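*Asks:* Kindly generate the corresponding structure for this input.
(chains A, B and C)
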Amino acid sequence: MQKSDNIIRVEHVSKYFGEKAALDDVTLYVRKGEFVTLLGPSGCGKTTLLRLIAGFQSATEGVITISGQVITETPPHKRPVNTVFQKYALFPHLNVFNNIAFGLKLKKLPAATIAKKVKQALKMVGMTDYEYRDVDSLSGGQQQRVAIARAIVNEPEVLLLDEPLAALDLKMRKDMQLELKEMHKSLGITFVYVTHDQEEALTLSDTIAVMSEGRIQQIGTPVDIYNEPINSFVADFIGESNILNGTMVKDHLVHFAGQTFECVDEGFGEDVPVDVVVRPEDIYIFELSDAAILQGIVTSSVFKGVHYEMMVQTPNGYEFMVHDYHTFEVGQEVGLRVKPADIHVMKKERITNTFEGKWIDPTHVEFLGTTFECKEMQGIEPGTKVTVEVDFNRVVLEDNEEDGILTGDVKFILYKGNHYHLTVFTDWNEDIFVDTQDVWDDGDRVGISIAPEYIRVIK
Amino acid sequence: MSRSISTFLGKRRNWTIPYLLFLAIFVVLPLVLIVFYAFTDAEGNFSLVHFRKFMIHPEAVNTFAYSVGIAIITTLACILLGYPAAWILSQSRFNTSRTMVVLFILPMWVNILIRTLATVALFDFLHFPLGEGALIFGMIYNFLPFMIYPIYNTLQKMDRSLIEAAQDLGATPFQVFVRTVFPLSMPGVISGIMMVFMPTISTFAIAELLTMNNIKLFGTTIQENINNGMWNYGATLSFIMLILIGITGLFNQEEDNASNEGGLL
Amino acid sequence: MMTKYLAKGYLWLLLILLYSPILIIMIFSFTEAKVLGNWTGFSTKLYTSLFSGGVRHSLVSALWNTFTIAMIAATVSTLLGTMAAIGIYNLRTRTRQAVGFVNSIPMLNPDIITGVSLFLLFISLGISQGFVTVVLAHITFCTPYVVLSVMPRLKYMNQNVYEAALDLGATPFQALRKVILPEIRPGMISGFILAFTLSIDDFAVTIFTIGNEGLETLSTYIYADARKGGLTPELRPLSTIIFVTVLVLLIIINKRAEKANANKRT
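*Replies:* Below you'll find the model as predicted:
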């Protein structure tokens, strides 16, 4: 029963560009009439997934089904989908009418029908009377409307939209968001929407699929995604958040920032390392009193239009972002409190770096394509496959590439209240995770080194 | 069968294949043949006999040296005459029109025989005798636009803010030119040198018309040998010219861009 | 102010230098005098006699040859070059650079090298030289220019336009015909005119590939004439006609380029 309801079924789809996986075993079901948004930072695979559905690229592995038909190998012109492109992709040599009529003419519909349908489509996007304008003479917003009209006039079962509003200015974007939502309602067709703008995704979608590194991290309604992020990536990407390392003491009790808090989560086990997420607007801030669970000093306060955004530093070195309608002066001592239901506890994806390696000799082990010196260990045959573990805070990053044993690029930075958790993409094409107090920027080239005593080798 | 053709054509990059075959037959193979003929004797055996012939033949070497000399003189004269013109054309404060620029570039496209005959006409008209003077004048006249155009192009595209920065840092107009404008226009000058030196050294038939057959340039020697059935020797001389061009080309990185753009007005 | 006049004066001086010889030819093509410089009154006799009388038949056939060679060479170059440009555009960067380099060889090579190398090709393959070899030679040096005039049109085309056509139900062939071709057509036309101009203008490559079966183009005709007697009276009107023809073609190309630029700006 479930099956017939899903108009698009993407099952175990992977896409490789050479060695690099742009999509890694992605599964996604889209119900008929749903507004689904693929959300993620650039390079996360969202556009690749859309292009696989449109047919501009073909999947390396997996099956894509539209309306019950397997279309994995179907060329784009035979698919019941139409696309709205980011930069409109209007045909510059055709006027508005002929752009919209392009698909209908290919279907060899009678001229009268075409004229009628084009008129309707233009009316739908609020561009009546623009038929004979040159597309180059239109503004960005108008071009985008024509692009939408050109797609919907073919009455596709699914409309694919690839960051359609990215090239518009803020005001225009807001207007178009509302119009798109209206259009989705009145047309009743399925929309698959790609964006990197979380606010746009939260505003428009019935369902959001948050993507990162070629995988879907979480699928859910906007409210679910915002309130119950499944991991620290989603929490950080959607909205503002305080993300900290914590320990689940036992059910309903979590320890972080040097304090133990009541919470509503259960089933993690006892004394398990976890990530804790607290939204800035969920923290109560008040003049220091007995009600405080945490105390701290306001280090900055910035007015953000509706609320103030304050940074509060606790005596034991944790920093919290707090949103409140009232401001507290910089330097003032304040108390903080969080309701149990507003503490979101998430299982850690990993608690240490784990690599596959090879034993070289009693003092050397090879992993990440590099030979590292390690603590002396006897009794392992050279060439044996081993597992190597390195704790996040034992990896040292150097400004100077030559100072490291291997090199890489900083690609993802997460602030965890009192330190940064970095993902570094090494030149061996494998990630290494690093906890550091130092400030690095996205894209920095770094040298990476690890002291011998911190390399744990497990047979 | 037709299906396999259509999938083959469906891959757009396969559309290069006919042209690649064409290039292989009509561009690469002929150049290989020059090398082949240069290093073989009439029977097709490997031989350096034609290089020796060139070396011991004072007339051929003299012609070669004389041609290089003429080419150097022409190139230098074209820089001296052309650089100021390119600079003036590129300066907005002289508000030279686009038409003016086109007028300077246009002769590049006029048949070289007609340009040469025009020089003859001018010398006839002024009752000057044809000879070495006419030869040098004719060469400069023929190739000056090829110097002006690339220099104009680089000067035109030069980032104005660099000049303003130099002024801001206290350079006088003269210093701005010597320390900023001229060094930055070097790519244009170098492609200009390529576009003047190479054709000058390789022209044939031009010198005869300008000197009433009294002076022969290296290009003519090549043509005469080829014409008279001395293919191997002609190929050897062509090969020597290719080497010379290769050496000149080594000095030049940007020339690709400038000469490609030179294709269109 | 002074520098401005000096600068302008210099430019005009150079222009006079560049154009006076051609103007002299043009002016004296309208008089009958045998010796250039003597003005014996206005006359179009040099023009009319160019194309009259049995002796002149060789000129008419040279003109006809030049035109047909240019037509065929430009047409084939345009087709071959456009197809190649579309292919090259879809190549990977590294391969594209390699093909681009080979494509630039005929443009960088001096004419004499192109001429000698093609001559050696034709004698090695035992192809007797004449009309066909001249056409092939002209295609060789014309096509790179066509590729270069079509490439920018492809480059500046919105990457998604082709995909948009497929998305709207066009087959790859329909997308090519209805979307890509209209987009690159201006480049093809400019390339064609350019190839045509280069072909009718060429002398150096033609002379090596024309053989000795008596085939003449305009360039070889002028060369043969000028070799015998320098700037003979009949070459004056002939030069004028060629100069004006090339001038007109160049103005057309230039106007097209300007129009394309203006369109891009709006």
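
*Asks:* Who are the contact partners of the residue in the stretch 151-265 of chain B that chain C sits nearest to?
*Replies:* Of all residues in the stretch 151-265 of chain B, B:Ser202 sits closest to chain C, at 3.6 Å by Cβ to the nearest Cβ. Bear in mind the C-beta positions are built from the backbone N, C-alpha and C, glycine included. By Cβ atoms under 8 Å, 6 or more residues apart in numbering or on different chains, B:Ser202 lies in contact with B:Phe218, B:Gly219, B:Met241, B:Ile245, C:Pro110, C:Asp111, C:Ile112, C:Ile113.

*Asks:* try it again with 10 Å
*Replies:* When contacts are counted by Cβ atoms under 10 Å, 6 or more residues apart in numbering or on different chains, B:Ser202 touches B:67, B:71, B:217-219, B:222, B:238, B:241-242, B:244-245, C:109-115, C:204.

*Asks:* where in chain C is pLDDT low?
*Replies:* Residue ranges of chain C with pLDDT under 70: C:1, C:53-56, C:261-266.

*Asks:* and it, which residues reach chain A?
*Replies:* For chain C, the residues found near chain A under the criterion Cβ under 10 Å from any Cβ of the partner chain are C:157-172, C:174-175, C:178-179, C:181-183, C:185-186, C:263-264, C:266.

*Asks:* what about burial for those, which qualify?
*Replies:* Using 16 or more other Cβ atoms under 10 Å in any protein chain shown as the burial test, the residues of chain C next to chain A include C:157-158, C:160-172, C:174-175, C:178-179, C:183, C:186 as buried.

*Asks:* got a list of what B:Leu242 touches?
*Replies:* Counting by Cβ under 10 Å, 6+ apart, B:Leu242 has contacts B:Leu31, B:Ile34, B:Val35, B:Ala38, B:Ser202, B:Ala235, B:Gly249, C:Asn109, C:Pro110, C:Ile113, C:Val116, C:Ser117.

*Asks:* Now do it against C:Val99, distance only.
*Replies:* 21 Å (Cβ to Cβ, to the nearest Å).

*Asks:* B:Phe123 now?
*Replies:* Counting by Cβ to Cβ, the gap from B:Phe123 to C:Val99 is 46 Å.

*Asks:* How about C:Pro186?
*Replies:* 23 Å.

*Asks:* Please enumerate the strands of the stretch 1-150 of chain B.
*Replies:* Assigned strands in the stretch 1-150 of chain B: none (criterion: DSSP state E, counting those that start in this stretch).

*Asks:* Mind jotting down where the helices sit in it?
*Replies:* Using DSSP state H, counting those that start in this stretch, the helices of the stretch 1-150 of chain B run over B:2-10, B:17-23, B:29-38, B:49-56, B:58-90, B:98-105, B:112-125, B:132-157.

*Asks:* Generate TSV for those helices, with distance to chain A and mean neighbour count as supplementary columns.
*Replies:* Listed next are the helices of the stretch 1-150 of chain B as TSV, based on distance: least, Cβ to the nearest Cβ, whole Å; neighbours: other Cβ atoms under 10 Å in any protein chain shown:
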stretch	distance to chain A	mean neighbour count
helix B:2-10	9	10
helix B:17-23	22	17
helix B:29-38	34	20
helix B:49-56	49	15
helix B:58-90	30	18
helix B:98-105	23	16
helix B:112-125	39	24
helix B:132-157	26	23
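
*Asks:* Within the helices and strands, which one has the nearest residue to C:Ile127 once chain neighbours are set aside?
*Replies:* Distances taken as Cβ to Cβ, 6 or more residues apart in numbering or on different chains place C:Thr133 nearest to C:Ile127, at 6.2 Å, with adjacent residues excluded. Assigned by DSSP states H and E, C:Thr133 falls within helix C:131-156.

*Asks:* Same check on A:Ala121?
*Replies:* helix A:111-124.

*Asks:* Grab the CA positions of the helix or strand following that helix and hand them over as PDB.
*Replies:* Downstream of helix A:111-124, the first helix or strand assigned by DSSP H and E is helix A:140-152. C-alpha atoms of helix A:140-152 as PDB (Å, rounded to 0.1, in the frame of the first residue of the first chain):
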ATOM      1  CA  GLY A 140      15.800  38.100 -12.900                       C
ATOM      2  CA  GLY A 141      12.500  37.500 -11.100                       C
ATOM      3  CA  GLN A 142      10.600  37.600 -14.300                       C
ATOM      4  CA  GLN A 143      13.000  35.200 -16.000                       C
ATOM      5  CA  GLN A 144      12.500  32.800 -13.100                       C
ATOM      6  CA  ARG A 145       8.700  33.000 -13.500                       C
ATOM      7  CA  VAL A 146       9.000  32.200 -17.200                       C
ATOM      8  CA  ALA A 147      11.300  29.300 -16.400                       C
ATOM      9  CA  ILE A 148       8.700  28.000 -13.900                       C
ATOM     10  CA  ALA A 149       5.900  28.500 -16.500                       C
ATOM     11  CA  ARG A 150       8.000  26.700 -19.100                       C
ATOM     12  CA  ALA A 151       8.200  23.700 -16.800                       C
ATOM     13  CA  ILE A 152       4.700  23.500 -15.400                       C
END
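
*Asks:* Give the other helices and strands that helix A:140-152 contacts.
*Replies:* strand A:81-84, helix A:96-106, helix A:111-124, strand A:158-162, helix A:170-187, helix C:160-167 (3 or more Cβ pairs under 10 Å, 6 or more residues apart in numbering or on different chains; DSSP states H and E).

*Asks:* at 7 Å what do you get?
*Replies:* Counting contacts by 3 or more Cβ pairs under 7 Å, 6 or more residues apart in numbering or on different chains; DSSP states H and E, helix A:140-152 is packed against strand A:81-84, helix A:96-106, helix A:111-124, helix A:170-187.

*Asks:* right, so the ones you listed: which one is the most enclosed?
*Replies:* For those, ranked by mean neighbour count under the definition mean count of other Cβ atoms under 10 Å in any protein chain shown, the leader is strand A:81-84 at a mean of 27.

*Asks:* and that one, anywhere near chain C?
*Replies:* Yes. Judged by Cβ under 7 Å from any Cβ of the partner chain, strand A:81-84 and chain C are in contact via A:Asn82, A:Thr83.

*Asks:* in its sheet, what does that strand sit against?
*Replies:* strand A:158-162 (parallel) (DSSP bridges).

*Asks:* tell me the angle the strand it pairs with makes with helix A:170-187.
*Replies:* Per axes from the mean of the first three to the mean of the last three Cα atoms, to 10 degrees, the angle that strand A:158-162 makes with helix A:170-187 is 170 degrees.

*Asks:* Name the residues of strand A:158-162 that come out as buried.
*Replies:* Of the residues in strand A:158-162, those buried (16+ other Cβ under 10 Å) are A:Val158, A:Leu159, A:Leu160, A:Leu161, A:Asp162.
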